[in-house]
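> Below are the sequence and a predicted model for it; my questions follow.
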Amino acid sequence: MPEIKKNWYKEMSVYQIWTRSFCDGDGDGIGDLKGVLSKLDYIKSLGVDAIWFSPIYKSPQKDYGYDISDYRQIAPEYGTMDDFKAILDGAHERGLKVIMDLVINHTSDQHEWFKESLKGEDNPYHDYYIWRKGKGKNPPNNWKSTFPGPAWEYNADLDKYYLHLFAVEQCDLNMDNPAVRNEVKDIMRFWLDMGVDGFREDVITYISKREGLPNGFPLPVACGMEHFTCGPHLYEYLQEFNDEVLSKYDIMTVGEAPMMTPDLALKFIDERDSKKQVLKMMFNFQHMEADCIITSFITTKFSLKKLKSAMSNWQTKLYGKGWNALYLENHDQPRIISRYGNEKYRVESGKMLATMYICQSGTPFIYQGQEIGMTNIRLPELDMYVDVATYDTYNICKKLGFPHKSIMKRIMKASRDNARTPVQWTSGKNAGFTTADKPWFYINDNYTEVNVEDAEKDPNSILNYYRKLLKFRKENEIVIYGDFKEHYHESDKLYVYERNYEGKKLLVICSFSDRIERFKAPKGFDLAKGKVVLGNYDCFNSGFDTFNLRPYETKVFLFE
Ligand code: GLC
């Protein structure tokens, strides 16, 4: 069995905050840092060890913070730098680390660098971005943005185009320019010297584009990605950031990595040679494609086999070599109960899904509201949405000739806005999110039933289950450091796996079915000898090796 290195970032779990919808502390309808400060005890009570903030920097909010106009200032609608420092201190006092989102693939078009860049080729900032002449009347190449549409925007004054792999207002930085890389290193130092404990690096695998920017294989979405995903200098730039800055601090880093495979990931996260490791872990997307293809908008029927193949592959390929980042939700993904679970069995499936991923090997990330089992809102009209990617997708689908009704059906299922509704704190006015008359965005109607206050009082709530699960993980090294072996891979109803560590064994059983399913212990297991340590119906051990699993039932056996 490969030796597994111990490390604090492997033992922790992380709570993600998307501030705008977390908690409003000043009564203007928008979530803010004062709101976060007021909830630090709540966050600590979950049993997590760190907070990851989606971007809270100054931003025109075209992509809700992922379009940064000043990397060293807090967005005024969220508060001040003093508010942030109070959170940093308050978190550290409670033993919570703070991780910042680092968005360096692009800046806002309102960033000073871009404004200078527009002044012409002689301006030193011009080359901070990727400007090119068109080809006749056409853009420099056929690349498409990730938010559907062309990846180039024409500027008549300069008679040139700039590259944007996301919204028009998110201009790609030219990472080949050493001055840009120096800026990035300075930004990193600024936050690390203030005391933050790491970075989540936004679309980090996009920062190096192939020389000559050749045409991509013609695709309607993300065309050109073979030339901008894991580009020729990516590793070199990450190594530079690591050698010159990151390695000098005891921090964690997690890179967001679309299209990533475990084999490729090891190039960046291989922990067997600390000189070569440039990131501690990566967010991959393969397990988020069990009900869609590439983007959540191209929807397919949920396939448990696809989910298991993706997750188990990362588990086995990385064990002893690299570390997994485990997640089912974030600000880009619709709510998981509405996708891989079942709203009719909200509590059961919410707990089962939590068990399924948190009992795997890796650092678990939990997105705000996930811990109380929030579900998709499914807004019916297009003008109710605020997410730029949702509108871009609508426009492309319309151009491709899809009828309005069918596009809306997709959007209701797949829009990122499903994950961005205010956190439901109470069953009172505005779900306790704000004292303003109106919150900045729609609140899911189910707040009278799904909210933190009620969940606190109910020992069987999803919230209290998360607490139990995270506590169990913390107290049992097998969950953190154990190896991974899957059983019944062919089953399209059950996900069953075992973990092994220092002579102990864990058997994790998860049913994805809304019916009764018969379960038989895998060969070599004598269930009577195990103890049921977690379960979403009961923690009862019948002693039998064969039994019925109820809808979305999960049961975890520990053998010591
Ligand atoms: C990442 C973020 C997403 C953002 C995009 C562009 O995927 O998670 O929210 O829109 O990058 O920055």
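Structure's in. What do you need? Residues are numbered from 1 along each chain as shown.
> Quick check: the gap between the residue of the chain positioned farthest from its centre and Gly212.
Ranking residues of the chain by C-alpha distance from their mean position (C-alpha atoms, centre = their mean) puts Gly136 at the top, at 40.2 Å. Computed as C-beta to C-beta, to the nearest Å, the Gly136 to Gly212 distance reads 18 Å. (Glycine included, C-beta is placed from N, CA and C.)
> Going by secondary structure, Lys306 is in what exactly?
Lys306 is part of helix 304-318 when elements are defined by DSSP states H and E.
> Measure how far that helix is from the centre of its chain, please.
From the chain centre to the centre of helix 304-318 is a distance of 17 Å (C-alpha atoms, centre = their mean, to the nearest Å).
> Show residues contacting it.
Around helix 304-318, the neighbours that count as contacts under C-beta atoms under 8 Å, 6 or more residues apart in numbering are 262-263, 265-266, 269, 284, 286-287, 289-290, 324, 340, 357, 360-362, 484-486, 489-493, 495, 497, 512.
> Could I get the buried residue list for stretch 551-560?
Residues of stretch 551-560 classed as buried: Pro551, Tyr552, Glu553, Thr554, Lys555, Val556, Phe557, Leu558, Phe559 (neighbour count, 16 or more other C-beta atoms under 10 Å).
> For these, give me TSV that also has distance to the ligand and secondary structure.
Compiled in TSV, the buried residues of stretch 551-560 are given as follows (distance: C-beta to the nearest ligand atom, whole Å; DSSP: H, G, I helix; E, B strand; the rest coil):
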residue	distance to the ligand	secondary structure
Pro551	33	coil
Tyr552	28	coil
Glu553	33	coil
Thr554	29	strand
Lys555	34	strand
Val556	31	strand
Phe557	36	strand
Leu558	36	strand
Phe559	39	strand
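> Show me which residues of this protein sit near the ligand.
Contact residues, the chain versus the ligand (C-beta under 6 Å from any ligand atom): Asp63, Tyr66, Val103, Phe166, Asp202, Val203, Glu256, His331, Asp332.
> again, only this time at 8 Å
Residues of the chain that fall close to the ligand, judged by C-beta under 8 Å from any ligand atom: 54, 63-64, 66-67, 101, 103, 105-106, 146-147, 166-167, 170, 202-203, 256, 258, 330-332, 388-389, 416.
> from what I can see Tyr235 touches Lys276, true?
No: with contact defined as C-beta atoms under 8 Å, Tyr235 does not reach Lys276; the gap is 9.1 Å.
> related to what we said a few turns ago, so which of the contacts of helix 304-318 belong to strands?
Using DSSP state E, the members of the contacts of helix 304-318 that fall in strands are Asn324, Lys485, Glu486, Tyr495, Tyr497.
> now the first one: how far from Lys58?
Same thing as Asn324. Counting by C-beta to C-beta, the separation of Asn324 from Lys58 is 33 Å.
> do you know how far the closest residue to Ile269 other than its chain neighbours is from the ligand?
Excluding its sequence neighbours, the residue lying closest to Ile269 (C-beta to C-beta, 6 or more residues apart in numbering) is Gly322, at 4.1 Å. Counting by C-beta to the nearest ligand atom, to the nearest Å, the separation of Gly322 from the ligand is 21 Å.
> ok, Val184 touching Asn105?
No: in this structure, Val184 sits apart from Asn105 without contact. The criterion is C-beta under 8 Å, and the distance is 10.4 Å.
> Look at those two and report which has more neighbours.
Counting neighbours by other C-beta atoms under 10 Å for Val184 and for Asn105 shows that Asn105 has the greater number, 24 against 19.
> quick one: contacts for that one?
Each residue near Asn105 by C-beta under 8 Å, 6+ apart is listed here: Leu165, Asp172, Leu173, Asp202, Val203, Ile204, Tyr206, Ile207.
> And the closest residue to the fourth one other than its chain neighbours, its phi and psi?
This means Asp202. Computed as C-beta to C-beta, 6+ apart, the closest residue to Asp202 that is not its neighbour in sequence is Val103, at 4.2 Å. Phi and psi for Val103, reported as degrees, to the nearest 10, are phi -110, psi 100.
> Mind pulling the model confidence for Val14?
Reading off the confidence values, Val14 has pLDDT 98.
> cool, and Met1?
Note on Met1: pLDDT of 66.
> shift numbering so it begins at 648
I'll keep to 648 as the first residue from here, and by that count the last item is Met648.
> isn't Ile945 right up against Glu936?
No: here Ile945 does not reach Glu936: they are 9.3 Å apart, not a contact under C-beta under 8 Å.
> Kindly format the C-alpha coordinates of the helix or strand bottoming out on mean pLDDT in the chain as CSV.
Within the chain, no helix or strand scores below strand 942-946, which has a mean of 81 by mean pLDDT, DSSP states H and E. Included here for strand 942-946 are C-alpha records, laid out as CSV according to Å, rounded to 0.1, in the frame of the first residue of the first chain:
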residue,chain,number,x,y,z
THR,A,942,-21.9,22.3,-19.3
SER,A,943,-24.9,21.9,-17.0
PHE,A,944,-27.1,23.4,-19.8
ILE,A,945,-26.6,20.3,-22.1
THR,A,946,-28.7,18.1,-19.8
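> buried residues in that strand?
By neighbour count with 16+ other C-beta under 10 Å, strand 942-946 contains the buried residues Thr942, Ser943, Phe944.
> Residues touching that strand, excluding its own?
Where contact means C-beta under 8 Å, 6+ apart, the residues beyond strand 942-946 that reach it are Val868, Met935, Asp938, Cys939, Gln980, Pro981, Thr1040, Cys1044, Arg1057, Ile1058, Lys1060, Ala1061.
> among the residues you listed, which one has the lowest pLDDT?
For these, the minimum pLDDT belongs to Val868; the value there is 74.
> Can you tell me the element it falls in?
Of the helices and strands defined by DSSP H and E, none includes Val868.
> roughly how far apart are it and Gly796?
From Val868 across to Gly796, the span is 9 Å (C-beta to C-beta).
> Same question for Trp699.
The gap separating Trp699 from Gly796 is 29 Å, by C-beta to C-beta.
> who's more crowded, the two?
Between Trp699 and Gly796, Trp699 has the larger neighbour count (other C-beta under 10 Å), namely 25 against 20.
> quick one: pLDDT of that one?
pLDDT, the model's per-residue confidence, is 98 for Trp699.
> Torsion angles phi and psi at the spatially most central residue of the chain?
In the chain, the C-alpha nearest the mean C-alpha coordinate belongs to Asn977, at 4.1 Å (C-alpha atoms, centre = their mean). Summarising the backbone geometry of Asn977 under the convention degrees, to the nearest 10, its torsions are phi -160, psi -170.
> now it: how far from Trp665?
Plainly put, Asn977 is 8 Å away from Trp665 if you go by C-beta to C-beta.
> Which residues are in contact with each of the two?
Tyr1014, Ala1066.
> Could I get the full set of strands for the stretch 1048-1197 of the chain?
Along the stretch 1048-1197 of the chain, the segments classed as strands by DSSP state E, counting those that start in this stretch run 1132-1134, 1141-1148, 1151-1158, 1164-1167, 1178-1182, 1193-1196.
> So which of those is the most surrounded?
Scoring the strands of the stretch 1048-1197 of the chain by mean neighbour count under mean count of other C-beta atoms under 10 Å gives strand 1151-1158 as the most buried, with a mean of 23.
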